[in-house]
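*Asks:* sequence isn't available, so here's the structure alone:
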């Protein structure tokens, strides 16, 4: 498989969001998955913020139920 952005390079990973093959220059890898460095990686930060906001909302609702 070749890199989606660089057709002359071999892909070393596949983005877990969009499924594109990526060379080492185009991929961003963390402990869990591989993502497009310039596109899908940006979405990761937004989803982490939403997850944290959801956690806070659930925590507040539980505290309201417990102390009500």
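*Replies:* Looks like it came in fine. Being a predicted model, the structure only gives us computed values, none of them experimental.

*Asks:* pLDDT at residue 62, what is it?
*Replies:* pLDDT for residue 62: 83.

*Asks:* mind checking which helix or strand it is in?
*Replies:* helix 40-67 (DSSP states H and E).

*Asks:* from residue 63, how far off is the residue nearest to residue 26 when sequence neighbours are not counted?
*Replies:* Closest residue in space to residue 26, ignoring its immediate chain neighbours: residue 5 at 5.1 Å, by C-beta to C-beta, 6 or more residues apart in numbering. C-betas here are computed from N, CA, C, even on glycine. With distances taken as C-beta to C-beta, to the nearest Å, residue 5 is found 47 Å from residue 63.

*Asks:* these two: which is more packed in?
*Replies:* Higher neighbour count among residue 5 and residue 63: residue 5, with 17 against 10, using other C-beta atoms under 10 Å.

*Asks:* tell me the phi and psi of that one?
*Replies:* Dihedral pair for residue 5: phi -90, psi -30, per degrees, to the nearest 10.

*Asks:* do I have it right that it meets residue 24?
*Replies:* No. Using C-beta atoms under 8 Å as the test, residue 5 is too far from residue 24 to be in contact (11.7 Å).

*Asks:* which of the helices and strands in the protein ranks last by mean pLDDT?
*Replies:* Least confident element among the helices and strands of the chain, by mean pLDDT, DSSP states H and E: helix 40-67 (a mean of 70).

*Asks:* one step back: roughly how far does the residue nearest to residue 26 sit from residue 34?
*Replies:* 14 Å.

*Asks:* shared neighbours, those two?
*Replies:* residue 22 (C-beta atoms under 8 Å, 6 or more residues apart in numbering).

*Asks:* if we can go back for a sec, can you check the pLDDT for the residue nearest to residue 26?
*Replies:* For residue 5, the model assigns a pLDDT of 93.

*Asks:* next, count neighbours for the closest residue to residue 22 other than its chain neighbours.
*Replies:* In space, residue 22 comes closest to residue 13 once its chain neighbours are excluded; the distance is 5.1 Å by C-beta to C-beta, 6+ apart. Residue 13 has 20 neighbours, counted by other C-beta under 10 Å.
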